[in-house]
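Asks: okay, here's the prediction I keep looking at, along with the sequence it came from:
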Amino acid sequence: MMLDHLLLTRFNLPTGGVEARIRASETWLTNRWALFERYCAPSVSRQSTDDFTWLIFFDPESPQWLKDAIAPYAEAGLFTPCFRVEVTPESLLEDIRVVARHTDGMLLTTNLDNDDAIAVDFLERVRAAVDFDDRRALYVPEGLVKGPDGLYQHRDEHNAFCSVATPWSRPSTSWDEWHNMLGRTMPVVLIDGAPGWLQVVHGENVSNRVRGHLASPARWRSAFPGALDDVADPGRGALLRDRFVSGPARRLRDAGRSGIRRAAIAVLGKEGLLRLKARLRP
């Protein structure tokens, strides 16, 4: 089967409102680029397959230092930078067609946030799961969350490392819908197995938080080379405290937040929720 696999990343695309001011700030750009170089780019460069194309979308008004920093990666062929004022479903497909190798058979698109990482075999596992010729969403549900106090293993069946496979005759992408809503419009494939992704909790990413259960990093270092070297083994006492005290408290917290979010979407809709979040931000 012919398969075009595109990895899609937003960097500092203009979004309007408060988000636009944040993403345009020098501090945000400097810190986010450091995270990208620490986690995201190395994880993609170490993939067990090279049968994919990586598109990263940037603001055309990005500062010159950022454009200069992008250039070596682009020249090495790791990713193709796309400088866009906005990205619509139609314009995204146009950009994909420019770099696609086949434009026949199946189109597979995978989202990767610029401050996260993927396991060395992540893209290979996702590609191998496309053994169908209709439209489906794909998730690797098992992942890791790196927090300031340790590493956590977490299962999320609707996570942001989502993929969508569609026939080229009726193309769509993993950006056509929120990652946790893809299952509303298409069947979902869960690719079980070892953790396939790593989220990094840091001060500028308020949407991510520590989730899951405390885990030893030793088991997963080979899947995420370099990304877990600074995480200490938690020890038996910490693992037990997390299992019986901290872990249940986190699950209760997350269940409450998920319920509030679902209710807000039901009442306000997606656009209404986005407007509310923008108004509540300082």
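Replies: Good, I have the coordinates.

Asks: for S246, see how far away the residue lying farthest from the centre of the chain is.
Replies: Here the chain reaches farthest from its C-alpha mean at G237, the gap being 32.2 Å by Cα atoms, centre = their mean. G237 is 12 Å from S246, where distance means Cβ to Cβ, to the nearest Å. Quick note: C-beta positions are derived from backbone N, CA and C, even for glycine.

Asks: before we move on, the earlier item: quick check: which element contains the residue farthest from the centre of the chain?
Replies: Taking DSSP states H and E as the criterion, G237 maps to helix 235-241.

Asks: which other residues reach that helix?
Replies: The contact list for helix 235-241 (Cβ atoms under 8 Å, 6 or more residues apart in numbering) reads 150, 214, 216.

Asks: check stretch 67-82 too.
Replies: 7, 9, 33, 41, 44-45, 53-58, 95, 99.

Asks: could you turn the buried ones of those into a PyMOL selection?
Replies: Here is the PyMOL command that picks out the buried ones among the contacts of stretch 67-82, judged by 16 or more other Cβ atoms under 10 Å:
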select buried, resi 7+9+33+41+44+53+54+55+56+57+58+95
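
Asks: show me which pair in the contacts of stretch 67-82 is furthest apart.
Replies: Greatest spacing in these, by Cβ to Cβ: W33 and V99 (22.9 Å).

Asks: I'd like the distance between W197 and T110.
Replies: Counting by Cβ to Cβ - W197 and T110 are separated by 10 Å.

Asks: what residues do those two have in common as contacts?
Replies: F161.

Asks: host element of A34?
Replies: Counting by DSSP H and E, A34 is part of helix 26-35.

Asks: that helix: what's the following helix or strand?
Replies: By DSSP H and E, the next helix or strand past helix 26-35 is helix 41-45.

Asks: quick one: contacts of that following helix?
Replies: So helix 41-45 is contacted by 7, 54, 73, 78-79, 112, 117-120, 198, 224-227 (Cβ under 8 Å, 6+ apart).

Asks: who's in contact with Y152?
Replies: Taking Cβ under 8 Å, 6+ apart, one finds 144-146, 210-215 in contact with Y152.

Asks: mind picking the two most distant members of the residues you listed?
Replies: K146 and H213 (13.8 Å).

Asks: W54 - that's part of a strand, no?
Replies: Yes - counting by DSSP: H, G, I helix; E, B strand; the rest coil, W54 is located in a strand.

Asks: how deep is the residue lying closest to it once chain neighbours are set aside tucked in, by neighbour count?
Replies: In space, and not counting its chain neighbours, W54 is closest to F79: 3.9 Å by Cβ to Cβ, 6 or more residues apart in numbering. By the criterion of other Cβ atoms under 10 Å, F79 has 19 neighbours.

Asks: can you check Q47 too?
Replies: 18.

Asks: where does the residue nearest to it when sequence neighbours are not counted sit: helix, strand or coil?
Replies: Closest residue to Q47 apart from its sequence neighbours, by Cβ to Cβ, 6+ apart: L123 at 5.1 Å. Here L123 is recorded as helix under three-state DSSP.
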